[in-house]
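1. Turn this into a structure:
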Amino acid sequence: MMIRIYPKNPDEKAVAQVADILRRDGVIVYPTDGVYAFGCSVRSAKAVERVRTLSGRRGNDFTIVCPDLSTVSLYAKVSNAVFKLLKRNLPGPFTFVLNASGKVPDKFLEKRKTVGVRIPAHTIPLALVEALGCPMVTASVKAADEEEYTTDPSLIEERYGRQVDAVVDGGIGARTPSTVVDCTDEDDIRILREGAGELS
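-> Next comes the predicted model:
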């Protein structure tokens, strides 16, 4: 199912429809300020497993999308120095790897103690997590054997439409993923992957 949402003025009914799908253990594909991504509710262990299968990713390749910094602070341990770094760069095309709090479900963490967090500079994912009432687990739409990210939602629908519950059409997506920054040691903050964001 394709659901059209315009980034400049996301339709509340369409956003509510997608949020309801997520609440019912659904998996979606949606646009971010980086590339298109799979998404599901952090509270749905069943949907997290589906995203694992679809994306072929495990462990640190998973991230949660939060609506704001206060939500990030619920799911991750954030020192004053790291909070200032996040505040300077978010919302934006960054994934910050932080030490996880006890609020992150064990099913999501597996055996690790860290969580990647995102607050995209894009109205659609922010509207979705606001309506959902909790973060989304997310993983970029890119198979291991693919060299480039798929940017056209109609092609994404063609490929994944039967495997996900909805594809959110927010227009042609970007080709560059987020910049990944390791903040698990505030004395040794490192860029793990150069991407769309320039750290300030």
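
2. who's in contact with the nearest residue in space to Asn99 that is not next to it in sequence?
-> In space, Asn99 comes closest to Lys77 once its chain neighbours are excluded; the distance is 4.4 Å by C-beta to C-beta, 6 or more residues apart in numbering. In short, each C-beta sits where N, CA and C put it, glycine included. Contacts for Lys77 (C-beta atoms under 8 Å, 6 or more residues apart in numbering) come out as 98-101.

3. now do Asp152
-> 172-173.

4. Poorly predicted segments of this protein, please.
-> For the chain, the stretches flagged by pLDDT under 70 are 58-61, 106-111, 143-148.

5. ok, 80 please
-> 57-62, 104-112, 142-150 (pLDDT under 80).

6. so where do the strands sit in it?
-> 2-4, 28-30, 37-41, 63-65, 76-77, 94-100, 114-118, 136-140, 166-169, 179-182, 190-193 (DSSP state E).

7. List of residues touching the third one?
-> In this case it means strand 37-41. Contacts of strand 37-41 (C-beta under 8 Å, 6+ apart): 22-23, 25-31, 47-48, 50-51, 54-55, 65, 125, 128, 132, 134, 136-141, 164.

8. What residues are recorded as beta-bridge partners of the residue nearest in space to the middle of the chain?
-> The C-alpha lying nearest the average C-alpha coordinate of the chain belongs to Thr138 (C-alpha atoms, centre = their mean; 3.6 Å). Beta-bridge pairing for Thr138 (DSSP bridges): Gly39, Thr63.

9. gap between it and Glu186?
-> 24 Å (C-beta to C-beta, to the nearest Å).

10. For Ile156, grab the count of nearby residues.
-> 24 (other C-beta atoms under 10 Å).

11. Also Ile5?
-> Ile5, neighbours per other C-beta under 10 Å, totals 22.

12. thinking again about what came up before, just the closest of the contacts of Lys77 to Gly116, please.
-> Leu98 (7.8 Å; C-beta to C-beta).
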